[in-house]
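# Next one to model:
(6 chains, ligands or ions: 6)
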Amino acid sequence: MQTHTAKRIEIVIEKPLEGRLTDALTKAGVTGYTVVPVRGGSGRSGPWTREGQVGRAGMVMVICLIKPERLDALLEAAFAVVERHIGIVSISDALVLRADRF
Amino acid sequence: MQTHTAKRIEIVIEKPLEGRLTDALTKAGVTGYTVVPVRGGSGRSGPWTREGQVGRAGMVMVICLIKPERLDALLEAAFAVVERHIGIVSISDALVLRADRF
Amino acid sequence: MQTHTAKRIEIVIEKPLEGRLTDALTKAGVTGYTVVPVRGGSGRSGPWTREGQVGRAGMVMVICLIKPERLDALLEAAFAVVERHIGIVSISDALVLRADRF
Amino acid sequence: MSEILALAGANLGSPIILSFALGLAAALARSDLSIPEAVAKGMSIYLLFAIGFKGGASVAAHGLDATLLMAVGAGIILSFGLPLLAFAMLRIMTGFSRLDAAAVAAHYGSISIVTFVAATSVLEGKAIDAEGYMVAVAAAMEAPAILSALWLVARDGTGRAMEPGLMREILLNGSIVLLVGSFVIGMVTGEKGLAEISSFIVSPFKGVLCLFLLDMGLVAGRGLRQSKNVLGLGAVAFGILMPLAGASIGLAMGVIIGLSTGGVVLLMVLAASASYIAVPAAMRVALPEANPAIYLTLSLGVTFPFNLTLGIPLYVALATLTVGG
Amino acid sequence: MSEILALAGANLGSPIILSFALGLAAALARSDLSIPEAVAKGMSIYLLFAIGFKGGASVAAHGLDATLLMAVGAGIILSFGLPLLAFAMLRIMTGFSRLDAAAVAAHYGSISIVTFVAATSVLEGKAIDAEGYMVAVAAAMEAPAILSALWLVARDGTGRAMEPGLMREILLNGSIVLLVGSFVIGMVTGEKGLAEISSFIVSPFKGVLCLFLLDMGLVAGRGLRQSKNVLGLGAVAFGILMPLAGASIGLAMGVIIGLSTGGVVLLMVLAASASYIAVPAAMRVALPEANPAIYLTLSLGVTFPFNLTLGIPLYVALATLTVGG
Amino acid sequence: MSEILALAGANLGSPIILSFALGLAAALARSDLSIPEAVAKGMSIYLLFAIGFKGGASVAAHGLDATLLMAVGAGIILSFGLPLLAFAMLRIMTGFSRLDAAAVAAHYGSISIVTFVAATSVLEGKAIDAEGYMVAVAAAMEAPAILSALWLVARDGTGRAMEPGLMREILLNGSIVLLVGSFVIGMVTGEKGLAEISSFIVSPFKGVLCLFLLDMGLVAGRGLRQSKNVLGLGAVAFGILMPLAGASIGLAMGVIIGLSTGGVVLLMVLAASASYIAVPAAMRVALPEANPAIYLTLSLGVTFPFNLTLGIPLYVALATLTVGG
Ligand SMILES: Nc1ncnc2c1ncn2[C@@H]1O[C@H](COP(=O)(O)O)[C@@H](O)[C@H]1O
Ligand SMILES: Nc1ncnc2c1ncn2[C@@H]1O[C@H](COP(=O)(O)O)[C@@H](O)[C@H]1O
Ligand SMILES: Nc1ncnc2c1ncn2[C@@H]1O[C@H](COP(=O)(O)O)[C@@H](O)[C@H]1O
Ligand code: NA
Ligand code: NA
Ligand code: NA
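Ligands and ions are numbered 1, 2, ... in the order given. Here you go, the predicted structure:
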């Protein structure tokens, strides 16, 4: 089956920033992303869980499949939003079916 | 620790199709999969969010770890279901503990 | 943009074990992880879905980005918890922005 | 006429409609107000259970009318037939493809249970009785329209063989099962059963309906914002003319089979309303190439608000004029 | 005998049981009807809070009986002891491994709070009073059975050292804490507190219970479908004989310590019912090799429906015969 | 004084406070008791809708007081001004950075609607009337404090340009929209509308509040456990002194503009309480470098329980002494 190389970017970010991040991604030419809920986690800012949470803001995970040549533009855009906030950005290699989709 | 090479397939698909996809995967010899909820996303068919959603169908993400030699059978099966629908399929390399599990 | 190589570990495990797993990870020197809810799945112990579920325990997915050199310690720790339980552990290569975060 | 306006005015000032308007306004203003999906689904289960149970208990109290079978039959005929009318109107009034037109048509043959519930609550406010078995008619009307739409598509070869399993999924979809099931429970346990749980399913009913319509307003508003340019003028006109046409046919059939004024109103509402839960899900499986933005925006963004605000009082007035009240 | 049948008949026709049956039927017919996990959990929190609060308020009203301590003591003894009986019966009647048998046994020593709630509601329907502190007995019976099961396993070396932290988790599990906590709140605030919130925890109680049992029916039905061939005839027989045995022992102990008729019924129900929330979670941690399909199907698919439909009216009849009503 | 103690004692024994205490205790004991996020959010929507609607209906019944505008104006002034006082106190009493101090200050200028709701319910229990439009004052006080905090930060250049879109987000945040919207609906539909849905928004209100406070207790307790060492003695003292200072200013302003006793109490409560939903979310966007553990622990872990248990009865007593009751 015909596949196309792609980059898979996974960004965990605070929920109040979700709209700003997806706007920035769209501006950077990203044509698709998927947002997955997050139940809890831990990092430099300590552990938290969705149900025992103060402030109830929480985090979300944004997953983005893009053409490799768009990676830098995306990372710039994502970083500008994530920079001052808690969260993490990771990149891995992937193949995608149906090139018209991304 | 002993690990085994595997392929990780990630399929985002409309919720009404979930049962058809997992049935097709099972028929294609897939022995395990995990379904993760999706909060929202964007693609060729535009942006949507679970809470501000018309029709309330939404999407899900199906993750599948398989032996590399089964990849083609799985992609055929998945593609037959996904083909006419909105959604995206991606593949990446992975290692898995406990070969008996997949 | 400056990136750092990392390993991405994805563990699907029963919810009652979540606390034990994250405690074990923390003891093994893992500084961050993200927990994602799981709607359902299938494996050797059969299919299940969150909403049609007996016992209502369910599963969760724990995602962990670590420095490659920490992989073995993490796998030992994770395996000790997962060993007797249903669930699956997979590893893939990744790049991470902001080395201070992991 | 002035009476109809007064009715419409009173209807517009009810907490139910105002809650819907609040949701709509909040969404259009891009407020982040939202009701969690699980809570909205919980409320819809509550409403279906309550409306089914009350219908069944009312049948137990008043005995089974000879018109029951006729009413269910009329409902099924409407559900099969209205899509053909809708399809013809769409082909004339809009530039939609045959596929999109068929998908929209399926929605208008089927029903919106929330519109039905809102109408019930308006009737109660006016102390107009209606046949309890109208909820069974509602359940019977959910599915046939889908078959008509598939037939419309199959006719010119743009469709495919029906997806295996789809028929069972449609007939056993959650809302049909819950509506019919709670109707039967209400019928079996009767007034005694109703008394046992009436402080759950009767007293708070209208309040829950307010919150549910708040959510419907939010969803409809977000849908309208995301699909602003999907509908042309012709489509919007269809979204208002089609319920009027459906209600007129419903009126005629209701009078012919001899329903009470309230029963006629409810049959008009069922004919006039368009599905936005069961049919969209079925369309995603059966006609995935049809554009969901079109049918959802029409059904939820145009016809639902029209029926809720102007339609229901109009249908009440027409039925009262025709049947007497 | 004919009286018992009449009782069972009346019980079967109640909205509560019919809602459960509806859920069961919908799941077995593979309808997609489902209640969101969050809503189901919300309803269970409501039921636990309400039942605990009402028990506490009733204790505040009637004063603390001298039998309270004895009843709690009896509950603890039952919870420790019943698993031994269950284990013995399982080893004779089924081919389950020692591990599986022990895991099942833990469930039958512990309790099902929903069965307890349903029994309370049946007693209320018959105007039979029961000691308010029976909810404290219920809470006391949740955990000891788990220890008995672990001891059964440890005895022959198939087990391991108890997981650190497990004991605290079991004793502080959400339902025990909520039940005991709301019992204490009810006791402290008394009839006055109850009056303040009775239109929340008393009036809609039975209706919420209907919807909750609808969900239990869905879950039990899906469980039965997924694990059809897990249970042989012997296991199914155990799932019906064990509650009868437990109820008989509960009857004897209730009579000995001098509970009222209602109190005896509730102790029988606690002894007869099997856990399907707290114990399964503990088993996944403590005895992960035991097959969850076995213990869940038995507890939720066989014993729960049996108690709900036939068991409760039977226990009411037996207690009334023995103690008088 | 002894009267205040008696008041506080009665308050501490109410089901509302005890439910909060149960949640707090369960969380501190590390029980796994938890209320699903969706259910908690559903309850908060219910509470906002009910409190807004009742306020509006009460305005419709009693007519618009000339003091309405003054009260809203006083609220806005308080919300703008209190952060300056809080900031000054924090710089003296704690070692927090200017950024952290400004973020905390924003919370104390804004309000906690749950504290407001709990105070309403205490007033009802004592049959003390309050102006219905106080919910409008509450809504007006949510946002201005955020601007003050941003100004405090911008003053010394540690801040940046205001995030685009933030202002709209703050003003149209869900709770403001719902509160104002349901207030307007209540005002439009009046006593008649209230009667239609009072068995939903009036009767079960207090019970829902209990469960909601149970959740607040759980959340506050988990927050306290996770951030035990975040707050020094000075910070804790601030968390108690600041509400007292705010309440005193609120008392003075309420008396000056001529509110009733109940109205004065509510203005004191608004001034004394600190936000824990809207402001934290805004701070994560506007001042992400500020430490959330500090402001959430102070607001939710110190000030909220203080107001709920001791503060409210104290404010009632002070207002009654000053205005008469
Ligand atoms: N190494 C990591 N692996 C996976 N998720 C992480 C990692 N570090 C941080 N996160 C996620 O990002 C959130 C914020 O991280 P931090 O900014 O480090 O506090 C955490 O709560 C986790 O959900
Ligand atoms: N490039 C992408 N990366 C991640 N998710 C995507 C991408 N494209 C599409 N999706 C997901 O698939 C859904 C449907 O996509 P589409 O069929 O392009 O409308 C979207 O709502 C996203 O959740
Ligand atoms: N090959 C696989 N790919 C993805 N998820 C899996 C796989 N195998 C198992 N799982 C997940 O792990 C759970 C337990 O698996 P098991 O222990 O095999 O019963 C399943 O319900 C799935 O959610
Ligand atoms: Na229709
Ligand atoms: Na038992
Ligand atoms: Na304040």
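# how about stretch D:282-301: buried residues?
For stretch D:282-301, burial by neighbour count (16 or more other Cβ atoms under 10 Å in any protein chain shown) applies to D:282-288, D:290-301. C-betas here are computed from N, CA, C, even on glycine.
# Among the residues you listed, which are located in helices?
D:282-286, D:292-296 (DSSP state H).
# would you turn these into TSV with pLDDT and distance to E:L318?
Putting those into TSV (pLDDT from 0 to 100; distance: Cβ to Cβ, whole Å) gives the following:
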residue	pLDDT	distance to E:L318
D:A282	89	51
D:M283	91	56
D:R284	87	54
D:V285	87	52
D:A286	89	55
D:P292	88	58
D:A293	88	63
D:I294	93	64
D:Y295	93	59
D:L296	90	57
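# Out of those residues, which comes closest to F:T309?
F:T309 has its nearest neighbour among those in D:L296, at 48.9 Å by Cβ to Cβ.
# top helix in chain A by residue count?
helix A:71-82.
# in chain A, which segments are predicted with low confidence?
For chain A, applying pLDDT under 70 flags the ranges A:51-56, A:99-102.
# For D:L266, see how far away the residue in chain A positioned nearest to chain D is.
Going by Cβ to the nearest Cβ, chain D is nearest to A:G19 of chain A, at 8.7 Å. Distance of A:G19 to D:L266, given as Cβ to Cβ, to the nearest Å: 42 Å.
# the more surrounded of these two?
D:L266 (27 against 15; other Cβ atoms under 10 Å in any protein chain shown).
# about what we covered before: which strand or helix spans the residue of chain A closest to chain D?
helix A:18-27 (DSSP states H and E).
# residues from the stretch 51-200 of chain D in reach of chain B?
Neighbours of chain B within the stretch 51-200 of chain D, by Cβ under 8 Å from any Cβ of the partner chain: D:163, D:165.
# Where does the stretch 51-200 of chain D get nearest to chain E, residue-wise?
Per Cβ to the nearest Cβ, D:F200 is where the stretch 51-200 of chain D lies closest to chain E, at 2.2 Å.
# Could you tell me the backbone phi and psi angles at A:R84?
Backbone geometry at A:R84, expressed as degrees, to the nearest 10, gives phi -80, psi 0.
# which phi and psi does D:V202 have?
The phi/psi pair for D:V202 (degrees, to the nearest 10) reads phi -100, psi -60.
# Just confirm yes or no for stretch D:18-37 near chain A.
No. Stretch D:18-37 lies out of reach of chain A by Cβ under 8 Å from any Cβ, never closer than 8.7 Å.
# quick one: buried residues of that stretch?
D:18-27, D:31-37.
# so which of the residues you listed also contact chain F?
D:18-19, D:22, D:25-26, D:31-37.
# So what's the residue count around the one residue in chain A that gets nearest to ligand 2?
With Cβ to the nearest ligand atom, the shortest gap between chain A and ligand 2 falls at A:G32, namely 2.3 Å. For A:G32, the neighbour count with other Cβ under 10 Å is 20.
# With A:V81 instead?
20.
# isn't it right up against A:L21?
Yes. Here A:V81 reaches A:L21: they are 4.8 Å apart, a contact under Cβ atoms under 8 Å.
# residues contacting D:G246?
Contacts for D:G246 were tallied using Cβ atoms under 8 Å, 6 or more residues apart in numbering or on different chains; they are D:78, D:82, D:85, D:108, D:268, D:271-273.
# Which ones among these map onto helices?
Under the assignment DSSP H, the contacts of D:G246 contribute D:78, D:82, D:85, D:108, D:268, D:271-272 to helices.
# between those residues, which is closest to B:V38?
Nearest member of these to B:V38, counting by Cβ to Cβ, is D:Y108, at 29.7 Å.
# Against D:A88, how distant is the closest one?
Distance from D:Y108 to D:A88, by Cβ to Cβ: 12 Å.
# same thing with D:N291?
Computed as Cβ to Cβ, the D:N291 to D:A88 distance reads 20 Å.
# and D:A319, how many neighbours does it have?
By the criterion of other Cβ under 10 Å, D:A319 has 29 neighbours.
# hang on, the earlier thing: what's the angle between the longest helix of chain A and helix A:18-27?
160 degrees (axes from the mean of the first three to the mean of the last three Cα atoms, to 10 degrees).
# I'd guessed D:L310 sits against D:A8; true?
Yes. In terms of Cβ under 8 Å, D:L310 counts as a neighbour of D:A8; the distance is 5.7 Å.
# Which residues of chain A lie near chain B?
So chain A meets chain B at A:1, A:3, A:6, A:8, A:22, A:26, A:31-37, A:60, A:65, A:92-98, A:100-102 (Cβ under 8 Å from any Cβ).
# now with 7 Å?
Proximity of chain A to chain B, by Cβ under 7 Å from any Cβ of the partner chain, involves residues A:1, A:3, A:6, A:8, A:22, A:32-37, A:60, A:65, A:92-97, A:101-102.
# Please list which of those also come close to chain C.
A:36-37, A:92.
# re the thing from before, out of the contacts of D:G246, who's the most crowded?
D:Y108 (34 neighbours).
# Keep the ones in helices among the buried residues of stretch D:282-301, but drop any that are not near chain C.
Within these, nothing lies near chain C by Cβ under 7 Å from any Cβ.
# can I get these in CSV with distance to chain A?
Formatted as CSV, these follow (distance: Cβ to the nearest Cβ, whole Å):
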residue, distance to chain A
D:A282, 24
D:M283, 21
D:R284, 17
D:V285, 20
D:A286, 22
D:P292, 17
D:A293, 17
D:I294, 21
D:Y295, 23
D:L296, 20
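# any chance of those residues in a markdown table, with distance to ligand 2 too?
Shown next, in a markdown table, are those (distance: Cβ to the nearest ligand atom, whole Å):
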| residue | distance to ligand 2 |
| --- | --- |
| D:A282 | 19 |
| D:M283 | 16 |
| D:R284 | 12 |
| D:V285 | 15 |
| D:A286 | 18 |
| D:P292 | 10 |
| D:A293 | 11 |
| D:I294 | 15 |
| D:Y295 | 16 |
| D:L296 | 15 |
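# Please tell me how far the residue of chain A closest to chain D sits from E:I113.
For A:G19, the distance to E:I113 - Cβ to Cβ - is 42 Å.
# Just give the nearest non-adjacent residue to the residue in chain D that chain F sits nearest to, would you?
In chain D, the residue that lies nearest chain F is D:G207 (2.2 Å; Cβ to the nearest Cβ). The shortest distance from D:G207 to any non-neighbouring residue, by Cβ to Cβ, 6 or more residues apart in numbering or on different chains, is to F:F200 (2.2 Å).
# Mind telling me what element the one you found is part of?
helix F:174-201.
# what angle do that helix and helix E:174-201 make?
Using the same axes, to 10 degrees, helix F:174-201 lies at 70 degrees relative to helix E:174-201.
# Could you list the buried residues of stretch D:76-87?
Neighbour count says stretch D:76-87 has D:76, D:78-87 buried, by 16+ other Cβ under 10 Å.
# And stretch D:170-181, by the same measure?
Those would be D:170, D:172-181, for stretch D:170-181 by 16+ other Cβ under 10 Å.
# tell me which parts of the stretch 151-300 of chain D are close to chain F?
D:203-204, D:206-208, D:210-211.
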